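>>> With the input below, show me the fold.
(one chain, ligands or ions: 3)
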Amino acid sequence: MSTLLIRNGRIITATDDYVADVFVEGDKIKLIGANLQMQSDRAIDATGQYVIPGGVDCHTHMDLPVGAVFSSDDFETGTIAAAHGGTTTIIDFATQSRTGSMHAALDEWLAKAEGKAVIDYGMHMIIANLPDDLLGEMDALVREGVTSFKMFTAYPERLQLDDGTIFKAMQRAGANGGLIMMHAENGSVIDYLAQKFIAEGKTTPNYHPLSRPHQAEADATQRVILLAELAGVPVYIVHVSSHRAMEAIRAARDRGSLRAVYGETCPQYLWLASEDYADGKFDGAKYVCSPPIRERANQEPLWRALAADDLQTVATDHCPFCMTTGFKGLPKQKELGRDNFRNIPNGVPGVENRMHLIYQGGVIQRGWTLNRFVQVTSTAAAKLFGVFPRKGTIAIGSDADLVLWDPNRQHTIRAATHFMRVDYNPYEGVTVDGSPSRVIARGRVIFENDQFGGKAGQGEYLKRGTYASP
Ligand code: URP
Ligand code: ZN
Ligand code: ZN
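Numbering: from 1, shown residues only. Ligands and ions are numbered 1, 2, ... in the order given. Modelled structure (predicted):
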């Protein structure tokens, strides 16, 4: 078994902060202590660097079919990019078809990842249809390690479920231990507004956010929280973009003794603003995602909510599509909506930039502790999605998923140098005062000074346990 000794780093977990050595044997952390005198195949001096648990991005979409196209990163390019930015675990989404079974979807998504992922990965299940004879599949999936289920109150044609079906799934999750994840936007209102804009000739990307107002997100968020309360189950609201939706989560957490409502936001809602693309030019297609990017004044309440634990996680909802037709041989993607914003494939890239952006925005600009940075980028997601303490911390017996974060290593985000397979970066030009010098995934150094040294297929599929409150 190969061994690795990381000497003299400042070890940061969600709760600890101390200087020590970490000894790794095979893929696990074997010992942590001061001045360890161990023989090792390799020793790395981490003096002056933070040793943090690898990031856990609990919301990605690699190789996702959207209409006629697929998100432009597959499990190989997307996980290499994730690792470059300090993320060593992703949880992606298998999507049930309206007429198919959930197991068929899981098989399809596992085949997409097999032999490609360079870091470990789990799968959530998107429920697109739940007749009574498929309810047993939810129980089986929880037993098999798919312990979270996403449902939609939006996208009427493809994914939206009625309240009765959502409630039925919630009750079943209450019985089998699964965690319900909700995409909360009022799909019917959005559909009406979007159709109206198109009929009026308002076809440019700036009408995308106008068709998905704050109220549509806050309304659906409030509604699914109440449904979850009625069903007596926890609920995790994905990609919270609106401060109004966040306020609904905060109010529910404040009134609930179990505090069993959880919220996730994403770098795009913390760093990007709709004012930047409200000029009607097609360049705005870069930022078309759902829920949409809001006005700048919406950012600070979300940052504050993360600091105050009104929101628990930052995931990326990484779902890239290229602006340029033919980039790396990929077909037309965002261009599909040049004449109609409704045809722009929804999603933005970010899996490579999440840790950088939360470090810069949280620790450097807003004075967060390093512990909070680790909690929202790694530990909370590991607990909620049943991979803690294997992932999300630095402890004896945990997977050796470690990032050596150098606070003196500046990094400027640029599409020209990023590893994501997409021809733009929404954070182009942002400079971050700190960056990973090395990224270690289950004991293997897979990134060293921005050079990838891993192999496709090294990542393992994670059968996850049921959720724990973070
Ligand atoms: O625009 C987005 N977010 N695309 C990905 C699908 C989803 O709803 O998470
Ligand atoms: Zn969603
Ligand atoms: Zn998503």
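
>>> Near ligand 1, which residues of the stretch 101-250 of the chain are found?
183, 239 (CB under 6 Å from any ligand atom). Where C-beta positions appear, they are placed from N, C-alpha and C, glycine not excepted.

>>> Now do the helices in the stretch 101-250 of the chain.
102-113, 135-144, 163-176, 187-199, 207-210, 214-231, 243-255 (DSSP state H, counting those that start in this stretch).

>>> can you list the ones you listed in a markdown table and add mean neighbour count?
Listed next are the helices of the stretch 101-250 of the chain as a markdown table, based on neighbours: other CB atoms under 10 Å:
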| stretch | mean neighbour count |
| --- | --- |
| helix 102-113 | 18 |
| helix 135-144 | 17 |
| helix 163-176 | 18 |
| helix 187-199 | 16 |
| helix 207-210 | 22 |
| helix 214-231 | 21 |
| helix 243-255 | 20 |
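
>>> now the closest residue to residue 216 other than its chain neighbours: how far from residue 265?
Nearest non-adjacent residue to residue 216, counting by CB to CB, 6 or more residues apart in numbering: residue 186, 4.2 Å away. For residue 186, the distance to residue 265 equals 19 Å [CB to CB, to the nearest Å].

>>> Between those two, tell me which one has more neighbours.
Each of residue 186 and residue 265 has its neighbours counted (other CB atoms under 10 Å); residue 265 has more, 27 against 22.

>>> need the contact list for the nearest residue to the more buried one once chain neighbours are set aside.
The shortest distance from residue 265 to any non-neighbouring residue, by CB to CB, 6+ apart, is to residue 240 (4.8 Å). For residue 240, the contact set (CB atoms under 8 Å, 6 or more residues apart in numbering) comprises 217, 221, 246, 249, 263-265, 269, 291, 302, 311.

>>> Show me which of those residues is closest to ligand 1.
residue 291 (7.4 Å; CB to the nearest ligand atom).

>>> ok, how many other residues are close to the nearest residue to that closest one once chain neighbours are set aside?
Among residues not flanking residue 291 along the chain, residue 241 sits closest, at 3.9 Å (CB to CB, 6+ apart). Using other CB under 10 Å, residue 241 has 26 neighbouring residues.

>>> hang on, the earlier thing: mean pLDDT and distance to residue 436 added to the helices of the stretch 101-250 of the chain, as a markdown table?
What follows is these, written out as a markdown table (pLDDT from 0 to 100; distance: least, CB to CB, whole Å):
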| stretch | mean pLDDT | distance to residue 436 |
| --- | --- | --- |
| helix 102-113 | 98 | 23 |
| helix 135-144 | 98 | 33 |
| helix 163-176 | 98 | 36 |
| helix 187-199 | 98 | 38 |
| helix 207-210 | 97 | 33 |
| helix 214-231 | 97 | 33 |
| helix 243-255 | 96 | 29 |
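
>>> For residue 439, which of those helices is the nearest?
Among these, the nearest to residue 439 by CB to CB is helix 102-113 (19.0 Å).

>>> Show me what the closest one packs onto, helices and strands only.
strand 87-95, strand 120-126, helix 135-144 (3 or more CB pairs under 8 Å, 6 or more residues apart in numbering; DSSP states H and E).

>>> Contact distance from ligand 1 - what residues of the stretch 251-400 of the chain qualify?
Contact residues (CB under 6 Å from any ligand atom) of the stretch 251-400 of the chain with ligand 1: 289-290, 317, 319, 346-347.
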